[in-house]
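Visitor: Compute the structure for the input listed below.
(chains A, B, C and D)
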There are 2 protein chains.
Amino acid sequence: MDRPAAQVPPTIAEVARAAGVAKATAGRVLGGYGSPSPELQARVRAAAEALGYRPNMLARSMSTGVTKTIGVVVADISNPFFAGLVRGIADAGRAAGYDTVLVNTDERVDRERAAVEVLVGKQVDGLIIASAAGAPAPAPHLRAAISRGTPVVGVDRDLPDLDADVFVIDNREITRHAVDHLIDAGHRRIAYAWGPPHPGQVRSREELLGAAGADLSTGAARLRGYVDALDAAGIDLDPRLVTTGVETVEGTEEALRVMLGSARPPSAVFATETDALLGALRALQAAGLRCPEDVSLVGFDDSPWTAVVEPPITVVQQPVQQLGEAAARRLIQRIDGFDAAAERTVLSARLVSRSSVRGPRTQPA
Amino acid sequence: MDRPAAQVPPTIAEVARAAGVAKATAGRVLGGYGSPSPELQARVRAAAEALGYRPNMLARSMSTGVTKTIGVVVADISNPFFAGLVRGIADAGRAAGYDTVLVNTDERVDRERAAVEVLVGKQVDGLIIASAAGAPAPAPHLRAAISRGTPVVGVDRDLPDLDADVFVIDNREITRHAVDHLIDAGHRRIAYAWGPPHPGQVRSREELLGAAGADLSTGAARLRGYVDALDAAGIDLDPRLVTTGVETVEGTEEALRVMLGSARPPSAVFATETDALLGALRALQAAGLRCPEDVSLVGFDDSPWTAVVEPPITVVQQPVQQLGEAAARRLIQRIDGFDAAAERTVLSARLVSRSSVRGPRTQPA
DNA sequence: GCCACACAAGAGACCGGTCTCTCTCTCGCA
DNA sequence: TGCGAGAGAGAGACCGGTCTCTTGTGTGGC
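Guide: Predicted coordinates for the structure are as follows:
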């Protein structure tokens, strides 16, 4: 025999037999419940050791109804934002003895639904989800999970019409603040990279806000913050300065290159995602423009590299890991039976001012 | 009652009773095994639908011995390298119907051991691990997992003395190639950022190679590649150009700043990690040096930003996601009973040449 | 010195599926 | 018409733990 046959792991019953006690007694010793006598404890322990006994958590979960596992559903773990989020969740979970099952959905609602069903089927004790199902979709799969007794906590995205805790960033406020920062520097034509996923060009303010949907998704909230800032400053919203329907680095680059080459180009760019910022940077390079001399730049998500590039980039920094930790802690409270009304918790992002913002080259009229 | 009490989900027995059939029959219909008659199928299906039946995967796993879950153990999911790796694993896993349980170890062997035990206890069908337990530690926890019948596949790091498949990058060769690239450009004093974790200054070549350990960890392999290149070019290894004992952005920055300010500073830096590259960039900024005019730079791990910074940085690009996919596919083969001798598969990284390398400012003597 | 009570240990049900074994019914063929 | 094969349905064991219920033992109080 080439590879030694896997010996079947011993069960509690076998340990009990080896120790000469009843299965129940061995269970009490090995499971740490009840009150077995010190003498039998020693005997059972010795037998377990000798046989190399390891508890089967599946069987334990089967009878206790607890898996010590939480399900995490995000769009894409290779996105640094979600990676940080999951790290926070995993850390807070582990501190309380929970493991983490991870599923990627790529923002597809069908895969999200499938993921939730699988996880609930696997009897996770709770679910943390950055749901792709926006305001129109009422997320019936999540409702089903909750009604079956699996607590659900939303993170980064709101969970419309659902009786669930939610932890989000103050996207609208921080975006308004960031755009204010550009306006204060004198900019009036500010491009917005990664607008709503609407296909094709949007013509009017109404159409734009309509395409963004309700105020619940992060994207819509950020766009509203942008509009808030413009409105407060009395700047007309120019829909042509908002990219629509692009959600890749390349798409953003292309869209911004067109904008920057137009008759009335933007003097600043606000990028709502790391990839949008990357696209903006590439568009500037391709157009032979320099930051901040020619175009000012503000990004979202504080990746370490934004601080070391030339120039260091002013960004909105989200408390990603804390967001994950807070969500996980609350979920665990719920699992433990905490029974208060669901809450919406807003964590504050902050604007980290660096050197990518300066006044526009030609003062606006 | 404020929040509706979670109704206990129906079991197969209840569905069977509602449909007026035996539990076994309902099981056959709902579990998709055996051959129930079309008529009873319809009846059971209707009853299941009416009651909102969802199978309990835990119970199924309990009796089949299969959980359709793979455990993944990495150092830190918020590190883009591991995030990409996990994404690859999750994708290949999902394609075969497997979910992914993720554990972070922060490179700590004690946490790695605990993680493996928990995962095996939870009866994962297989394990993929980027093990922190280097050559000296014989990884008894992994041996235990294998002997219990849980297949283990190593990824990114070798698994010394273990009968397990392993998927790694050709670290030594690609590092030699990258350093050759710097040497070809005329550099002879090449700093190496993120050398062995040895505390304190290393004095000699022997001490350095000894500190790096056997040729099995990625770090040791990269260091050897560096030495290979130097040797082939007849350049004396200067241990002072190799950072030791630092594994943070700040630590690297500090160490390199000292080097760059020394009497015989390096004219180029080879950074073996994303964070090492970040540290190098910061050190250059702090020292008021420019890349590539003053110092050339080659990094590891192709993060998108390396292409858009000024100057675009020459980096070693690892096929991260493919690595994860390959490991997961092989693991699943093993789970399915594939029984050939364990293999060590080496995927090739490649050097992406950009603009951060140029000849040294003063030609070496 | 006797009774009651506390507590440890054993026996076995239970969690919710799967799966084997047995029984019955039907159909085909002689 | 009778018999055998085969298929479909039911009963119940089983996976490996937990936990309740019962039994038995020892101890303390009066």
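
Visitor: switch to C-alpha atoms for all contacts and neighbour counts from now on
Guide: Fine.

Visitor: I'd assumed residue A:268 was in contact with residue A:260.
Guide: No - taking contact to mean CA atoms under 8 Å, the distance of 9.8 Å between residue A:260 and residue A:268 leaves them out of contact.

Visitor: Strands along chain A, start to end?
Guide: In chain A, strands defined by DSSP state E lie at A:69-74, A:99-104, A:126-129, A:152-155, A:165-169, A:190-193, A:268-271, A:296-300, A:314-317, A:344-347, A:350-352, listed in chain order.

Visitor: Please tabulate these in TSV and include mean neighbour count and mean pLDDT as additional columns.
Guide: Putting those into TSV (neighbours: other CA atoms under 10 Å in any protein chain shown; pLDDT from 0 to 100) gives the following:
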stretch	mean neighbour count	mean pLDDT
strand A:69-74	26	98
strand A:99-104	24	98
strand A:126-129	26	98
strand A:152-155	27	97
strand A:165-169	23	96
strand A:190-193	26	97
strand A:268-271	27	97
strand A:296-300	27	96
strand A:314-317	22	97
strand A:344-347	16	97
strand A:350-352	19	96
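
Visitor: Which residues does stretch A:102-115 contact?
Guide: A:71-77, A:131-133, A:141, B:87, B:90, B:99-102 (CA atoms under 8 Å, 6 or more residues apart in numbering or on different chains).

Visitor: so what's the closest residue to residue A:354 other than its chain neighbours bridging to?
Guide: Nearest in space to residue A:354, with sequence neighbours left out and distances taken as CA to CA, 6 or more residues apart in numbering or on different chains, is residue A:314 at 4.5 Å. Residues found in beta-bridge contact with residue A:314 (criterion: DSSP bridges) are residue A:298.

Visitor: residue contacts, residue A:314?
Guide: Applying CA under 8 Å, 6+ apart to residue A:314 gives the contacts A:297, A:298, A:299, A:306, A:351, A:352, A:353, A:354, A:355, A:356, A:357.

Visitor: wait, what's in contact with the last one?
Guide: Residue A:357 is in contact with A:182, A:185, A:291, A:292, A:295, A:296, A:297, A:298, A:314, counting by CA under 8 Å, 6+ apart.

Visitor: Quick check, the third one in contact with residue A:297.
Guide: So the one you mean is residue A:291. Yes - counting by CA under 8 Å, residue A:297 is a contact partner of residue A:291 at 7.1 Å.

Visitor: Now the common contact residues for the two.
Guide: Shared contacts of residue A:291 and residue A:297, defined by CA under 8 Å, 6+ apart, are found at A:356, A:357.

Visitor: if we can go back for a sec, run through the contacts of residue A:357 and flag the ones next to DNA strand D.
Guide: Applying CA under 7 Å from any atom of the strand to these, one finds that nothing falls near DNA strand D.

Visitor: and which of those residues is nearest DNA strand C?
Guide: The shortest distance between DNA strand C and any of the contacts of residue A:357, using CA to the nearest atom of the strand, involves residue A:298 and amounts to 51.9 Å.

Visitor: wait, doesn't the closest one sit right on residue A:354?
Guide: No - if you go by CA under 8 Å, residue A:298 and residue A:354 don't touch, sitting 9.3 Å apart.

Visitor: Need the residues touching each of those two.
Guide: A shared contact of residue A:298 and residue A:354, defined by CA under 8 Å, 6+ apart, is any residue touching both; here these are A:313, A:314, A:315.

Visitor: Residue A:338: which of those residues is nearest?
Guide: The shortest approach to residue A:338 among the shared contacts of residue A:298 and residue A:354 belongs to residue A:315, at 37.0 Å (CA to CA).

Visitor: ok, the closest one to residue B:86 distance?
Guide: 28 Å (CA to CA, to the nearest Å).

Visitor: One more: residue A:310?
Guide: From residue A:310 over to residue B:86 the distance is 31 Å, taken as CA to CA.

Visitor: And for residue A:45?
Guide: Shown here: residue A:45 relative to residue B:86, a distance of 38 Å by CA to CA.

Visitor: Over to residue A:258?
Guide: Separation of residue A:258 from residue B:86 (CA to CA): 36 Å.

Visitor: One more: residue A:110?
Guide: Plainly put, residue A:110 is 21 Å away from residue B:86 if you go by CA to CA.

Visitor: the more surrounded of the two?
Guide: Applying other CA atoms under 10 Å in any protein chain shown to residue A:110 and residue B:86 shows that residue B:86 carries more neighbours, namely 28 against 11.

Visitor: Near DNA strand D, which residues of the stretch 201-350 of chain A are found?
Guide: Counting by CA under 7 Å from any atom of the strand, no position of the stretch 201-350 of chain A is adjacent to DNA strand D.

Visitor: ok, how many other residues are close to the residue in the stretch 201-350 of chain A positioned nearest to DNA strand C?
Guide: Nearest residue of the stretch 201-350 of chain A to DNA strand C, counting by CA to the nearest atom of the strand: residue A:335, 17.5 Å away. Counted with other CA under 10 Å, the neighbours of residue A:335 add up to 20.

Visitor: check contacts around it.
Guide: Remark: with contacts taken as CA under 8 Å, 6+ apart, residue A:335 is in contact with A:125, A:126, A:150, A:151.

Visitor: returning to what we had before: right, and the strands of chain A - which one's nearest residue A:61?
Guide: Ranking the strands of chain A by distance to residue A:61, with CA to CA as the measure, places strand A:69-74 first at 10.2 Å.

Visitor: That closest one near chain B at all?
Guide: No - using CA under 8 Å from any CA of the partner chain, strand A:69-74 stays clear of chain B, with a minimum separation of 9.0 Å.

Visitor: residue ranges for the helices of the stretch 151-300 of chain A, please.
Guide: Listed in chain order, the helices of the stretch 151-300 of chain A (DSSP state H, counting those that start in this stretch) span A:171-184, A:205-212, A:218-232, A:249-260, A:274-287.

Visitor: Mean neighbour count and mean pLDDT for these - can I get that in a markdown table?
Guide: Formatted as a markdown table, the helices of the stretch 151-300 of chain A follow (neighbours: other CA under 10 Å; pLDDT from 0 to 100):
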| stretch | mean neighbour count | mean pLDDT |
| --- | --- | --- |
| helix A:171-184 | 22 | 97 |
| helix A:205-212 | 16 | 83 |
| helix A:218-232 | 21 | 94 |
| helix A:249-260 | 21 | 94 |
| helix A:274-287 | 23 | 93 |
